[in-house]
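S.K.: Build the 3D model from these lines:
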Amino acid sequence: MDKHIKILVVDDFATMRKVIRNLLKQVGYENIVEAEDGVIALRTLKSQKIDLIVSDWNMPNMTGLELLKAVRADEDLKPTPFLMVTAEALQDNVIAAVKAGVSNYIVKPFTAETLNDKIMKIIEKI
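M.R.: Residues are numbered from 1 along each chain as shown. Purely as a prediction, here's the structure:
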């Protein structure tokens, strides 16, 4: 497993981005960039090669679901694995994310091990 992949963490709360960054570092991922909403995330995705997106669902300007749809609608970005982070595992949300092409999803709060398991499952499918 290549721990050198570049991961984009998207969350409107700096504290949550820091938590996710620290969890990723605990399991060996060092190449991490951040964005505070989907609009900035899209700009980042277009300007540099990102191997995996870890995005919150609820954000201002552009939600995680809107970001996911934008990524899947873009020919260059379409193959990028996408892990959705959500505070509530509402079935409707999960179904909407799956329909939009999410690679996997994780419910807050979560541990480094759970996050790593989700990432490994996504990467195995690539």
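
S.K.: ok, now which ones touch Val107?
M.R.: Residues counted as contacts of Val107 (C-beta atoms under 8 Å, 6 or more residues apart in numbering) are 85-89. Every residue, glycine included, has its C-beta placed from N, CA and C.

S.K.: For those residues, pick the one with the most neighbours.
M.R.: Tallying neighbours with other C-beta atoms under 10 Å puts Val85 at the head of the contacts of Val107, with 22 neighbours.

S.K.: Show the low-confidence segments of this protein, by residue range.
M.R.: Applying pLDDT under 70 to the chain flags residues 1.

S.K.: could you redo the contacts of Val107 as JSON lines and give each row secondary structure and distance to Ile20?
M.R.: Formatted as JSON lines, the contacts of Val107 follow (DSSP: H, G, I helix; E, B strand; the rest coil; distance: C-beta to C-beta, whole Å):
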{"residue": "Val85", "secondary structure": "strand", "distance to Ile20": "7"}
{"residue": "Thr86", "secondary structure": "strand", "distance to Ile20": "13"}
{"residue": "Ala87", "secondary structure": "coil", "distance to Ile20": "13"}
{"residue": "Glu88", "secondary structure": "coil", "distance to Ile20": "17"}
{"residue": "Ala89", "secondary structure": "coil", "distance to Ile20": "18"}
